[in-house]
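Enquirer: Let me see the structure of the following:
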Amino acid sequence: MIGTGDKNRQFIKAGHRPESPNGNSSISAGAEDLRSRAQLLSLREKLEHNHFLLERLSASSTRLIQALELGDVYEATAEIIANLIGSEEVAIFHYSSASKTFSLAWSWGVETAALQLFASGAGMFGRAVHKGVSQFRDRQPDALLLPHEQNLTACIVLKSGDEILGVIAIFGLLPQKNRLEWADFELLKFLEIYAAAAIQFHELQKKQVAP
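Expert: I've put the predicted structure just below:
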């Protein structure tokens, strides 16, 4: 019957709920603050990484443009690799798509005799040209590595459009560097196209001035 309930019972008004304890509000605010700080740090890190990469790309581009005037394109490419990637053992090979052979164009810090085995195009060189994609030692199955490739860090394709013009062989890294890092891979992508363009320009220019 209406009116027979507990008279001491407190009724909750429609649309009104008890407030959360202050402790829960503090925890929620603290978690939101941590999320905000983590997001800020992540965004700052992305911007700093991008700035760092752009500085490296700008320095590389400037050096390659200078090389067109100075005629030291191969040396410039090796300097970029030495100063920004960390290897003083570099060889640059031309590739002939007609004969499917490699020929040594220039080397620095590597014995010429040790490079003869690479001219056959076996191993990473062949895979780089066949796939049109640079190859890295750390990403190769051990079973596919040839004995003379044990000290080869990377084989970077030099390409113009879909045409492979050659490869850059990068051997051991400097002692203070254990492995290639994200910025190194981005810089090597730049060299795939722009070092290739500089080398192609250099070779065409030599043919024009040849007697």
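Enquirer: So which residue is smack in the middle of the chain?
Expert: Note on the chain: the residue nearest the mean C-alpha position is Phe185, at 1.3 Å, using Cα atoms, centre = their mean.
Enquirer: per-residue confidence for it?
Expert: Looking at Phe185, its pLDDT is 97.
Enquirer: The chain should start at 59 in everything you say after this.
Expert: That works, and once the first residue is 59, the last one we named lands at Phe243.
Enquirer: Does it lie in a helix or a strand, and which?
Expert: Secondary structure assignment for Phe243, by DSSP states H and E: helix 240-267.
Enquirer: Tell me which other helices or strands that helix touches.
Expert: With contacts defined as 3 or more Cβ pairs under 8 Å, 6 or more residues apart in numbering; DSSP states H and E, helix 240-267 has these neighbours: helix 80-128, helix 131-138, strand 212-218, strand 221-228. C-beta coordinates here come from the backbone N, C-alpha and C atoms, glycine included.
Enquirer: Other residues contacting the strand or helix carrying Tyr153?
Expert: Per DSSP H and E, Tyr153 falls inside strand 148-154. Strand 148-154 is contacted from outside by 132, 135-136, 139-140, 159-168, 173, 176-177, 183, 187, 216, 222-229, 257, using Cβ atoms under 8 Å, 6 or more residues apart in numbering.
Enquirer: List buried members of these by neighbour count.
Expert: The neighbour-count criterion (16 or more other Cβ atoms under 10 Å) marks 132, 135-136, 139-140, 160, 162-166, 168, 173, 176, 183, 187, 216, 222-229, 257 among the contacts of strand 148-154 as buried.
Enquirer: Tell me who's in contact with Gly88.
Expert: Per Cβ under 8 Å, 6+ apart, neighbours of Gly88: none.
Enquirer: before we move on, the earlier item: mind listing what's buried along the helix holding Phe243?
Expert: Buried residues in helix 240-267, counted by 16+ other Cβ under 10 Å: 241-242, 245-246, 248-250, 252-258, 260.
Enquirer: swap in stretch 202-209?
Expert: Glu207.
Enquirer: what does it rub up against?
Expert: Here stretch 202-209 makes contact (Cβ under 8 Å, 6+ apart) with Glu147, Ala172, Leu175, Phe176, Ala180, Gly181, Met182, Arg185, Arg195, Phe229, Gly230.
Enquirer: Flag the helix or strand of this structure with the lowest per-element mean pLDDT.
Expert: helix 80-128 (a mean of 82; mean pLDDT, DSSP states H and E).
Enquirer: what's the angle between that one and helix 240-267?
Expert: Calculated by axes from the mean of the first three to the mean of the last three Cα atoms, to 10 degrees, helix 80-128 forms an angle of 20 degrees with helix 240-267.
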